[in-house]
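Asks: Would you be able to build a 3D model of this:
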Amino acid sequence: MRGTLREFRSFDRPIQLLQINQAGINFGFYMLMPYLAQHLAVGAGLAAWTIGLILGLRNASQQGMFLIGGTLADRIGYKPMIMAGCALRTLGFALFGLTTSVPLLIVAAVLTGFAGALFNPAARACLAVEAKERKVAAFAVFNVFYQGGILLGPLAGIALLNAGFTAVCLSAAAIFAVLTVLQGLCLPRRRGMGPARRPVLREWRQAFGDRAFLSFAAAMIASYALSFQMYLALPLEVQRLGGGQAGVMALYAVSALLGIAGQVRLTAWCAQRWSRGQAISRGLALMGVAFLPPAALAHLPPAGGWAMLPVLTCTVLLTAGTLIAFPFEMATIADMAGDRLIGTYYGIYNLASGAGILAGNLVAGTLLDVARTAGPAGLPWALLAAAGLASAAAVRRLDRRDRLSPATQVATAT
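Replies: Here you go, the predicted model:
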């Protein structure tokens, strides 16, 4: 942790605020969201399909609006979009705690999701611009704060639930209100680097016409499908093995603690030895390899404490692969944008990753159901491993062809 704090202190104040901001965003979000479905079912007395609709609208309003949020960040500025996103989430979370009316709950869900679409691309673009040549190191520290919020948020939520779900919601809303004020006071007022008066469709045409960037985004889709198995396949496997909710929470804690303790050192080690493309492709390969232990042992019946070892190994390797790839991945996107449409590029990239998560969940869920009834138990895990290795090979191929080079992107844009 000393190395992380030293690295954090080496950055300018705006970068430090963006990193703290991400910890606050995740802290407030995970303080509330893990317990929302139960509140809607028990506290609000809603039917399961209504709960699914509300949660689905929250996710759809975020994933579907990332491009809009990124474009607005480029045209209006990063600071206004970050502040607007935090302010909207303040309102959305407060509504969740103050009403049980379905129409108002839907409004809260849409506001909460759209808020993420506003501040997510803007915050990453702002961090990339402020960090300049230190993008990789900045995103490494960013991910430490990101994981810290995920780890501490649910614990705070459990503690506050004793005072009622309204207290949880209003506390989360207060966190986003404070973040809004802090960013208004401390973030520099800087516009995105793209031409402000150029038509939006022309900017989108430029971004969607960047074949190297789209190839990179497509190659990375599988990584998000794999990383999201922390919330689908791995929890289901823990339940099958008898680990219960405590086992699932243990996996999340292990993943978050690895990120907090190891991200900065691991990034520095990789940066000294590998190029960005090599780091990303090797991180993806490790994410694929992570699914081989459960693939090899899934056919064995649950037996004793050792039954959890393949799942734990998968969690550790999957987290390590993500930690390796993430900072280099974020820096590469910003460089491919050529300091022109960074928010737009992050918006498109988030759209692609959202599609990857959706497709990955559908495929993985279907395969897990089939494997339990009629197919080989290890098949879903083996296919997930193959997806990770194929993604790694695709990124490595792009790197060898110099398609991830910032110089190539600038020349192409010119």
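
Asks: For residue 391, which residues are in contact?
Replies: Residue 391 makes contact with 219, 220, 221, 222, 223, 284, 288, according to C-beta atoms under 8 Å, 6 or more residues apart in numbering. (Each C-beta comes from the backbone N, C-alpha and C, glycine too.)

Asks: Columns neighbour count and secondary structure on top of the residues you listed, output as TSV?
Replies: Listed next are these as TSV, based on neighbours: other C-beta atoms under 10 Å; DSSP: H, G, I helix; E, B strand; the rest coil:
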residue	neighbour count	secondary structure
219	23	helix
220	22	helix
221	21	helix
222	25	helix
223	27	helix
284	30	helix
288	24	helix
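
Asks: And residue 188, how far from residue 18?
Replies: 11 Å (C-beta to C-beta, to the nearest Å).

Asks: Residues that sit against both of these two, list them.
Replies: residue 130.

Asks: neighbour-wise, which of these two wins?
Replies: The neighbour count for residue 188 versus residue 18, taken as other C-beta atoms under 10 Å, is higher for residue 18 (26 against 14).

Asks: Figure out how far stretch 62-69 is from the centre of its chain.
Replies: 14 Å (C-alpha atoms, centre = their mean, to the nearest Å).

Asks: Test my guess that residue 180 contacts residue 81.
Replies: No: the pair residue 180 and residue 81 does not pass the contact test of C-beta atoms under 8 Å, sitting 11.8 Å apart.

Asks: between the two, who's got more neighbours?
Replies: Comparing residue 180 with residue 81 by neighbour count (other C-beta under 10 Å), the higher total belongs to residue 81, at 28 against 21.

Asks: Which neighbouring elements make contact with the host helix or strand of that one?
Replies: Of the helices and strands defined by DSSP states H and E, residue 81 is found in helix 78-98. Here helix 78-98 touches helix 13-32, helix 66-76, helix 102-131, helix 165-186, going by 3 or more C-beta pairs under 8 Å, 6 or more residues apart in numbering; DSSP states H and E.

Asks: Now with 6 Å, please.
Replies: Applying 3 or more C-beta pairs under 6 Å, 6 or more residues apart in numbering; DSSP states H and E, one finds that helix 78-98 makes contact with helix 102-131, helix 165-186.

Asks: Could you point out the helix or strand that follows the first one?
Replies: Right, helix 102-131. In the C-terminal direction from helix 102-131 (assignment by DSSP H and E), the next one is helix 135-161.

Asks: ditto for the last one
Replies: Per DSSP H and E, the first helix or strand lying C-terminal to helix 165-186 is helix 200-208.

Asks: Pull out the buried positions in that following helix.
Replies: Along helix 200-208, the positions that meet the burial threshold by neighbour count (16 or more other C-beta atoms under 10 Å) are 203, 204, 206, 207.

Asks: Make TSV out of those and add pLDDT and distance to residue 319.
Replies: Output for the buried residues of helix 200-208, formatted as TSV (pLDDT from 0 to 100; distance: C-beta to C-beta, whole Å):
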residue	pLDDT	distance to residue 319
203	87	36
204	91	34
206	89	35
207	90	31
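
Asks: Closest to residue 397 out of the contacts of residue 391?
Replies: When the contacts of residue 391 are compared for distance to residue 397 (C-beta to C-beta), residue 219 wins out at 8.3 Å.

Asks: Surely that closest one and residue 396 touch.
Replies: No: with contacts defined as C-beta atoms under 6 Å, residue 219 does not count as touching residue 396, sitting 9.2 Å away.

Asks: Of the contacts of residue 391, which is the nearest to residue 238?
Replies: Using C-beta to C-beta, the shortest approach to residue 238 within these belongs to residue 288, at 20.6 Å.
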